[in-house]
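Asks: Below are the sequence and a predicted model; questions follow.
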Amino acid sequence: MKLIIAIVHERDRQKVSDTLLQAGHKFTNIATTGGFLRDGNCTLLIGADDDKVDEIISLLDNCCHSREQFVSQSPIETLAAGEMLMNPVKVTVGGAIIFVVNVERFERL
């Protein structure tokens, strides 16, 4: 058994949730915030049999798309002393970060 930890952009959350549920996969959804842009994410904890991992990753790949957006400034704490705030810059957001880890033991109580 595996635990899939998928971090997806908030804009993709509903589509991912609907798709996973329609395919019969159970998961836990945790609201999270990204560290760099402080943007909304959700972290999905998905338990899966080994033979279902590729299917789940494929579903996530079909639902999570990267996109470009403008960021008006860097977070203040990331600026060096004396550095000025930047003009808006284009950054890529979205997509998914996926970790697959082995589960030594699983119990549903």
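Replies: Looks like it arrived, so ask away.

Asks: Mind listing what's buried along the helix or strand residue 54 falls within?
Replies: Residue 54 is located in helix 53-63, with elements delineated by DSSP states H and E. Under the neighbour-count criterion of 16 or more other Cβ atoms under 10 Å, helix 53-63 has 53, 56-57, 59-60, 63 buried. All C-beta spots, glycine's among them, are computed from the backbone N, C-alpha and C.

Asks: Could you list the low-pLDDT ranges of the protein?
Replies: 34-39, 69-86, 89-94 (pLDDT under 70).

Asks: What about the nearest residue to residue 20 once chain neighbours are set aside? Give its phi and psi, please.
Replies: Of all residues not flanking residue 20 in the chain, residue 27 sits nearest, at 5.8 Å (Cβ to Cβ, 6 or more residues apart in numbering). The phi and psi torsions at residue 27 (degrees, to the nearest 10) take the values phi -160, psi 170.

Asks: residue contacts, residue 27?
Replies: Contacts for residue 27 (Cβ atoms under 8 Å, 6 or more residues apart in numbering) come out as 17, 20, 44-47.

Asks: Just the ones of those residues in strands?
Replies: Taking DSSP state E, the ones among the contacts of residue 27 that sit in strands are 44-47.

Asks: Identify the farthest-apart pair in those.
Replies: Set against one another by Cβ to Cβ, these have their most distant pair in 44 and 47, with a gap of 10.7 Å.

Asks: Could you tell me the angle between the helix or strand harbouring residue 97 and helix 53-63?
Replies: Secondary-structure assignment from DSSP H and E places residue 97 in strand 96-102. Between the axis of strand 96-102 and that of helix 53-63 there is an angle of 170 degrees, by axes from the mean of the first three to the mean of the last three Cα atoms, to 10 degrees.

Asks: What pairs with strand 96-102, parallel or antiparallel?
Replies: Partners of strand 96-102 in the sheet, by DSSP bridges, are strand 2-9 (antiparallel).

Asks: From the chain's centroid, how far away is the strand it pairs with?
Replies: Distance of strand 2-9 from its chain centroid, counting by Cα atoms, centre = their mean, to the nearest Å, is 6 Å.
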